[in-house]
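Q: Pasted the sequence and its predicted model underneath.
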Amino acid sequence: MNQSILEVFEPLFYPKSLAVIGASAELAKFGNIILSAIMEIGYQGKIYPVNPEGGEINGLKVYPSLKEIPGEVDLAILTIPAPLVSGALEECLRKGVKGAEILTSGFRETGTPEGRRMEEDITRIARRGIRILGPNCFGIYCPESGLTILPGQNFSRATGPVGFFSQSGGLCADLGQIAKGLSMRFSKMVSYGNGCDVAACDLLEYFFADEKTRIIAGYIEGVEDGPIFLRILKENRRKKPVILWKAGLTATGSQAVMSHTGSLSGSEKVWNSALKQAGVIQVGSAEELVDTIYAFLYLPNTAGPRVAVMGGGGAISVAASDSLERLGLSVPPFSWPILQKLKTSFPPVGNSLRNPVDLGNPMIPPSMLRKVMEAAGEDEGIDTLIVIQILFYILFQVRHRLRMDDRLLSQFSFQPELLKACEEVRAKYQKPIILILPDITTEAGMIDLEAEWRRERDVYQAAGFPVFKTIDRASRALGHFISFQSRNRPWQP
């Protein structure tokens, strides 16, 4: 009887016991970093450090070899030199280990005959009954089971709907840190490196089958079997959003891919066309990847392409219109009755009320913004609201200049009133609201602004409002979300 993809990968994502082969007492070595990270994040299964020297590391008994470990081992993590990996995997087979992740580099990505030969050896070993992740990877982060990648000991232990796979271990490490402040939580994150056995096709199929994964995202340089990869995408295209950053599409990028993971990247035109046909949301940078995942986590399926933009500053409003329309969204003028209603609330000069709305004053109190938000909410020709709030920055400058303490600053804070307005307008009109909180200072003496910005963002984010630093980033993310919605059934995480 054939095992399902979920059963096959159970020992990798949910091991009851694991061995770190090459465990070390030296703090700078991978064998210590990964062992310490797994212990610190709170893995509750049995951990067996393995090193021929024996002894004790981090309070754990060290076993000279796998065969001396009492009991079963589900997962082996290898941090030993490349020439020793094949022998260690043979020992894993004899022990009955079901899965292994190889953090060690020095294989196909080197471009040398020896490196290719060693990787071919471990690929042949995998076919004999052990699933292998890597080599040249950072491993698996699964908050539910307490596994983490190298060196993610401080990643969140809260599980979430995002499944992420990547040929870049560094990108996984970065994304795990970025995600904490954005309340972006993962079901699993996998750095698979060269992908000699477990690779993009396997992980894509797994994430489609995994009920705990609702959003699939990935970074790929090359795919071991392009037709199978595309077939999996096409067969499942309406089930879950797939957000992919396909790197190495330029001539220079393709050469870099060969030296990174030894993969063949392929033609840019072919990839772009194939991914579009498969319903993939394609992004081109780490920033765009993060913003798009973020949009899928926070935007409701009522988000639509007709956008009302409101805030202070004519240039900001014009730029917002350009940014949105380049991405296939629109900034339609308010309907005549709505516009007339707005005109009764604002002076006849010094502002523009048609949409985008420029109220002519960067110090816009929430009571004024509420009137515009309510108008946009009432207008049947508007789907989504974007509120550009530069008041936060100005108030912080006042605080910094006058050296106000938090008690005095609270008297000048409009945040509670604006948050209440956003919540009430959203509840009444059932339209999503996106906030833009610019962070435009670059002075070293104003470094406190970043901490203040994050606190401000967290308040809105906790209430379910996505917050972006720029209109361009918000526009791209909204565009990707709406494009997916238009091609597929309404989706909600």
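A: Looks like it arrived, so ask away.

Q: Check which helix or strand Lys269 maps to.
A: helix 268-277 (DSSP states H and E).

Q: so how far is the helix or strand following that helix from its chain's centroid?
A: Sequence-wise, the next helix or strand downstream of helix 268-277 (DSSP H and E) is strand 281-283. Computed by C-alpha atoms, centre = their mean, to the nearest Å, the separation of strand 281-283 from the middle of its chain amounts to 13 Å.

Q: So which residues make contact with strand 281-283?
A: Contact partners of strand 281-283, identified using C-beta atoms under 8 Å, 6 or more residues apart in numbering, comprise 241-246, 272, 275-276, 289, 292, 480, 483-484. Where you see a C-beta, it was placed from the backbone N, CA and C, and this is true even at glycine.

Q: at 10 Å instead, please
A: Applying C-beta atoms under 10 Å, 6 or more residues apart in numbering, the contact partners of strand 281-283 are 216-217, 219, 241-246, 271-272, 275-276, 288-293, 295-296, 476-477, 479-481, 483-484, 487.

Q: Spell out, range by range, the helices that occur in the stretch 151-300 of the chain.
A: 169-181, 200-209, 226-235, 251-260, 268-277, 286-298 (DSSP state H, counting those that start in this stretch).

Q: Could you list every helix and strand in contact with the first one?
A: By that I understand helix 169-181. Applying 3 or more C-beta pairs under 10 Å, 6 or more residues apart in numbering; DSSP states H and E, one finds that helix 169-181 contacts strand 139-141, strand 159-166, strand 186-191, strand 215-220, helix 286-298, helix 448-462.

Q: quick one: strands adjacent to the shortest one?
A: When sheet partners are counted by DSSP bridges, strand 139-141 sits next to strand 186-191 (antiparallel).

Q: Quick check: mean pLDDT of the strand it pairs with?
A: The pLDDT scores in strand 186-191 average 98.

Q: quick check: angle from that strand to helix 286-298?
A: 160 degrees (axes from the mean of the first three to the mean of the last three C-alpha atoms, to 10 degrees).

Q: Give me the distance from strand 186-191 to the chain's centre.
A: 10 Å.

Q: tilt between that strand and strand 215-220?
A: 10 degrees.

Q: Low-confidence regions, the chain specifically.
A: 1-2, 249-266, 312-317, 349-350, 361-363, 390-414, 440-442, 445-446, 489-493 (pLDDT under 70).

Q: cutoff 80 now
A: Within the chain, the stretches with pLDDT under 80 are 1-2, 248-267, 312-320, 347-351, 359-365, 390-415, 439-452, 488-493.

Q: Gln457 contacts Pro438, doesn't it?
A: I think there's a mix-up here, since residue 457 is Arg and not Gln. No - with contacts counted by C-beta atoms under 10 Å, Arg457 stays clear of Pro438, the gap being 11.6 Å.

Q: Between the two, which is the more surrounded one?
A: Of the pair Arg457 and Pro438, Arg457 is the one with more neighbours under other C-beta atoms under 10 Å, namely 21 against 18.

Q: What distance do you get for the more buried one to Ala295?
A: Arg457 sits 15 Å away from Ala295, taking C-beta to C-beta, to the nearest Å as the criterion.

Q: same check, this time on Pro416
A: Taking C-beta to C-beta, one finds Pro416 at 26 Å from Ala295.

Q: more neighbours, those two?
A: Ala295 (27 against 11).

Q: Chain neighbours aside, what residue packs nearest to the more buried one?
A: Ala477 (3.8 Å; C-beta to C-beta, 6 or more residues apart in numbering).

Q: so what's that neighbour up against?
A: 283, 287-288, 290-296, 298-299, 327, 434, 466, 468.

Q: Try it again at 8 Å.
A: Ala477 neighbours (C-beta under 8 Å, 6+ apart): 288, 291-292, 294-295, 466, 468.

Q: quick one: which helix or strand includes it?
A: Using DSSP H and E, Ala477 sits within helix 471-487.

Q: roughly how far is that helix from the heart of the chain?
A: That offset, for helix 471-487, works out to 16 Å (C-alpha atoms, centre = their mean).

Q: how close does Asp458 get to Phe296?
A: Counting by C-beta to C-beta - Asp458 and Phe296 are separated by 20 Å.

Q: Those two: which is more packed in?
A: Phe296 (24 against 14).

Q: what's the neighbour count on the closest residue to that one other than its chain neighbours?
A: Nearest residue to Phe296 in three dimensions, chain neighbours excluded: Ile215, at 5.2 Å (C-beta to C-beta, 6+ apart). If you count neighbours by other C-beta under 10 Å, Ile215 ends up with 23.

Q: now Ile215: how far from Asn32?
A: 34 Å.

Q: now His480
A: Taking C-beta to C-beta, one finds His480 at 40 Å from Asn32.

Q: How about Val357?
A: Val357 is 57 Å from Asn32, where distance means C-beta to C-beta.
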